[in-house]
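Visitor: just the structure for this:
(one chain, ligands or ions: 2)
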Amino acid sequence: MSDQSETLSNLLHEERRFPPPADLAADANVTEEAYARASADRLAFWEQAAERLDWGQRWDQVLDWSNPPFAKWFTGATINASVNCVDRHVAAGRGDKVAFHWVGEPEGDTRDLTYADLQAEVCKATNALIELGVQKGDRVAIYMPMIPETAIAMLACARLGAPHTVVFGGFSADALASRVEDCDAKVVITSDGGYRRGAPSALKPAVDEACEKTGDLVRNVLVVRRTGQDVAWDDSRDVWWHELVDRQSPEHEAELHDSEHPLYVMYTSGTTGKPKGILHTTGGYLVGTSFTHWEVFDLKPETDVYWCTADVGWVTGHSYMVYGPLANGATQVMYEGTPDSPHKGRWWEIIQQYGVTIFYTAPTAIRTFMKWGDDIPAQFDLSSIRLLGSVGESINPEAYVWYRQHIGADQAPIVDTWWQTETGQIMISPLPGVTHGKPGSAMTPLPGIAAEVVDDNAQPVPNGSGGYLVLKEPWPAMLRTLWGDDQRFKDTYWSRWEGLYFAGDGAKKDEDGDIWLLGRVDDVMNVSGHRLSTTEIESALVSHPKVAEAAVVGAADEMTGQAVCAFVILREAAGDGGDDIVQELRNHVAHEIGPIAKPRQVMVVPELPKTRSGKIMRRLLKDIAEHREVGDVTTLADSTVMDLIKSKEGGSSSDE
Ligand code: ATP
Ligand code: MG
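Guide: Residues are numbered from 1 along each chain as shown. Ligands and ions are numbered 1, 2, ... in the order given. Next up is the predicted model:
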């Protein structure tokens, strides 16, 4: 076998570089010295990061790694996440500072909550949970729209030491039921509904159905009235938030919990199969998220207005909307609805209105805006923006440059942040005041993080080659196990190579040693003995001026083992792309990265199957490319998308 069959082919080349703006570099929270300091003494580095929080009892040990892969951080210490996120800012005289500028989807429906407001609401909600009999250690499921009560509910659970599991509001009753069952939740917090795409969208009926499916498991359902729509009501189980929470005392003396006390269980987005219940605990998680939020986004809590568009139903909403930013005393925007309600400039209008300075979103959203056209953001004043972030998938170089130009005024650095539900915190990212960013690369592991790209024998690959992304040392916000399944935890992440955490992603190191994420190892294609990454071919397609989004899969092929099949969404300005679009795109890929990557087939489609967090579900496209029955679609954002794509099958494809 050739070398190329063993490692991921490294095909795409990128010459562009963007140094940090001088003023940002001069005043950056974290500078170059941090790398050396962290590598000299990693645990001392994290210990210093821990000093940014308020603890009760101090720790005996920074890290207990005596029983790998089960890590314990800040052993013996006590801490309360809710107090760190809320009360301490009020105690420090910052009670009047806005914590959330909340923006409802219906225009004009807004609410500002200061840290003092948040403290009162969190205490009331905590007292309400106590009245419902929730005790430390009990699990609470949260199935909510993007409203302040969602963050309040999470912080109330954290305060009490009752681990929460937030289930994305777009998931079905079945998905909710299986999560409630898996973590044995006693209480579900929900709302009548929320606003999406200009209309109220119900949530309570799915909770009712999930409760039915799970027998007597759920004792109470606490319901926020958001839309005022009609709901079925079970008097023995259902309680209105405004009736129970509003009459509670706004004071609650918080208990300190052990550093390793469970904070929450979060199910992964399920891109690759059955979702896993990732367990995060308190002390290390809060250190990892609050420190990296301050570091990577260069947060200046006094002046910045930060907006992370992620839904709270996935990990980014936990680490970089609730726990990290609030622990840092940030002022943020929280938006309920979709980016196109009531018009396609809604996000930019919000940035203009609140003077957002730091903006964090996903490549899928950026590509959607590219599809809609440059003229839309151009109608708004986005000059407040000083830093942009990206998470969830690799950002294609073309999308990066578009984001920088059209949202960042060709000034704002972009932090492409690689991490996972499992890692809890950002692991690989540029430092905005240090790194000379390259479009498409997540660059280097953050200080204190030991990431490497290795070959089949766990040896680091040389610069210029591809392989598997692994983590070599424990980090504070790492998952502790899979809920109730230590064995699956070991098998899934720690079994491939002794002592290494395998993330499941392919990556390459370029000539400078900078890291590029190449997509899931499971999605890698083997074409005539070359292992090709999905990401590089997708990025080549997106670099064509007519293409907005692309997904690539390998389908069985008699000649080559596997053949590249591409699904593309065109930009609106490109119309139907013209008669030769398929040939044009095939040639474009061959020209950009080489004939080996030339797709056998290109299908122009109106939509792509995505999870609720916006990730493309390639395994479903593979089913189509191989003419199979389409597999499990339960974690899809919109299950009708697959019918749309199937109806196009055989349409605009081509075989040579
Ligand atoms: P499941 O594990 O159930 O299949 P998932 O992996 O999609 O779901 P998440 O934990 O939300 O669930 O996503 C983490 C994955 O997202 C990473 O493993 C990686 O594949 C991808 N990812 C996240 N950020 C980036 C990034 N900046 N660049 C490239 N890929 C990224
Ligand atoms: Mg994953």
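
Visitor: Ala162 against Asp138, yeah?
Guide: Yes: between Ala162 and Asp138 a contact is recorded at 4.8 Å, counting by Cβ atoms under 8 Å. (Each C-beta comes from the backbone N, C-alpha and C, glycine too.)

Visitor: compare these two (neighbour count), which wins?
Guide: When Ala162 and Asp138 are compared on other Cβ atoms under 10 Å, the one with more neighbours turns out to be Ala162, at 24 against 19.

Visitor: helix or strand for the more buried one, which one?
Guide: Ala162 belongs to no helix or strand when elements are defined using DSSP states H and E.

Visitor: now it: phi and psi?
Guide: Dihedral pair for Ala162: phi -100, psi 110, per degrees, to the nearest 10.

Visitor: give me every residue that touches it.
Guide: When contacts are counted by Cβ atoms under 8 Å, 6 or more residues apart in numbering, Ala162 is found next to Leu129, Val134, Gln135, Lys136, Gly137, Asp138, Arg139, Val140.

Visitor: ramachandran angles for the first one?
Guide: Read it as Leu129. Summarising the backbone geometry of Leu129 under the convention degrees, to the nearest 10, its torsions are phi -60, psi -40.

Visitor: so which elements touch the lowest-mean-pLDDT helix or strand in the chain?
Guide: Of all the helices and strands that make up the chain, helix 641-648 has the lowest average by mean pLDDT, DSSP states H and E, namely a mean of 78. For helix 641-648, the packing partners by 3 or more Cβ pairs under 8 Å, 6 or more residues apart in numbering; DSSP states H and E come out as strand 601-604, helix 618-625.

Visitor: shaky segments in the stretch 551-656 of the chain?
Guide: Counting by pLDDT under 70, the stretch 551-656 of the chain contains low-confidence ranges at 634-635, 637, 648-656.

Visitor: in it, which residue sits closest to ligand 1?
Guide: Nearest residue of the stretch 551-656 of the chain to ligand 1 (Cβ to the nearest ligand atom) works out as Lys615 at 4.9 Å.

Visitor: that residue: neighbour count?
Guide: Each residue near Lys615 was counted by other Cβ under 10 Å, and the total is 23.

Visitor: is it in contact with Ala365, as I believe?
Guide: No: taking contacts as Cβ under 8 Å, Lys615 lies outside contact range of Ala365: 11.8 Å.

Visitor: which parts of the protein sit against ligand 1?
Guide: Where the chain comes near ligand 1, counting by Cβ under 6 Å from any ligand atom, the residues are 268-272, 275, 314-315, 391-394, 416-418, 420-421, 442, 503-505, 517, 520, 613, 615.

Visitor: give the contact list for the residue in the stretch 101-250 of the chain that ligand 1 sits nearest to.
Guide: Of the residues in the stretch 101-250 of the chain, the one nearest ligand 1 is Phe168, at a distance of 10.9 Å by Cβ to the nearest ligand atom. By Cβ under 8 Å, 6+ apart, the residues touching Phe168 are Asp311, Gly313, Trp314, Arg612, Ser613.

Visitor: quick one: Arg88 is in a helix?
Guide: Yes: note on Arg88: a helix contains this position according to DSSP: H, G, I helix; E, B strand; the rest coil.

Visitor: with adjacent residues omitted, what lies nearest to it?
Guide: Spatial nearest neighbour of Arg88, excluding adjacent residues (Cβ to Cβ, 6 or more residues apart in numbering): Asp54 at 5.1 Å.

Visitor: distance check, the one you found against ligand 1.
Guide: Computed with Cβ to the nearest ligand atom, to the nearest Å, the distance linking Asp54 and ligand 1 is 29 Å.

Visitor: I figured that residue was touching Ser82, is that so?
Guide: No: contact criterion Cβ under 8 Å: Asp54 and Ser82 do not qualify, at 11.3 Å.

Visitor: more crowded one of those two?
Guide: The neighbour count for Asp54 versus Ser82, taken as other Cβ under 10 Å, is higher for Ser82 (26 against 15).

Visitor: nearest residue to that one other than its sequence neighbours?
Guide: Among residues not flanking Ser82 along the chain, Arg159 sits closest, at 3.6 Å (Cβ to Cβ, 6+ apart).

Visitor: what does Asp304 give?
Guide: In space, Asp304 comes closest to Thr357 once its chain neighbours are excluded; the distance is 4.7 Å by Cβ to Cβ, 6+ apart.

Visitor: how many residues are close by that neighbour?
Guide: 21.

Visitor: which stretches of the stretch 301-450 of the chain form strands?
Guide: 305-308, 331-335, 358-361, 387-390, 414-416 (DSSP state E, counting those that start in this stretch).

Visitor: put together a markdown table for these, with mean neighbour count on each row.
Guide: A markdown table is the format used below for these (neighbours: other Cβ atoms under 10 Å):
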| stretch | mean neighbour count |
| --- | --- |
| strand 305-308 | 24 |
| strand 331-335 | 23 |
| strand 358-361 | 25 |
| strand 387-390 | 25 |
| strand 414-416 | 25 |
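
Visitor: in the stretch 501-650 of the chain, which residue sits closest to ligand 1?
Guide: With Cβ to the nearest ligand atom, the shortest gap between the stretch 501-650 of the chain and ligand 1 falls at Leu517, namely 3.4 Å.

Visitor: please look at that residue and Lys509 and confirm they touch.
Guide: No: at 11.4 Å, Leu517 and Lys509 do not qualify as touching, with contact defined as Cβ under 8 Å.

Visitor: how near is Arg496 to Asp523?
Guide: Arg496 sits 17 Å away from Asp523 when distances are taken as Cβ to Cβ, to the nearest Å.

Visitor: would you put the C-alpha positions of stretch 378-394 in PDB?
Guide: The C-alpha atoms that make up stretch 378-394 are tabulated as PDB, following Å, rounded to 0.1, in the frame of the first residue of the first chain:
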ATOM      1  CA  ALA A 378     -24.600  45.700   3.500                       C
ATOM      2  CA  GLN A 379     -27.800  47.400   4.500                       C
ATOM      3  CA  PHE A 380     -26.800  47.500   8.200                       C
ATOM      4  CA  ASP A 381     -24.200  49.200  10.200                       C
ATOM      5  CA  LEU A 382     -21.900  46.400  11.500                       C
ATOM      6  CA  SER A 383     -19.000  48.600  12.500                       C
ATOM      7  CA  SER A 384     -19.300  47.600  16.200                       C
ATOM      8  CA  ILE A 385     -18.000  44.100  15.300                       C
ATOM      9  CA  ARG A 386     -14.400  43.600  16.400                       C
ATOM     10  CA  LEU A 387     -14.100  39.800  16.500                       C
ATOM     11  CA  LEU A 388     -15.800  36.900  14.700                       C
ATOM     12  CA  GLY A 389     -16.100  33.300  15.700                       C
ATOM     13  CA  SER A 390     -17.000  30.000  14.000                       C
ATOM     14  CA  VAL A 391     -17.900  26.600  15.300                       C
ATOM     15  CA  GLY A 392     -19.500  23.300  14.400                       C
ATOM     16  CA  GLU A 393     -17.800  22.300  11.100                       C
ATOM     17  CA  SER A 394     -14.800  23.400   9.300                       C
END
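
Visitor: kind regards, and thank you for your time.
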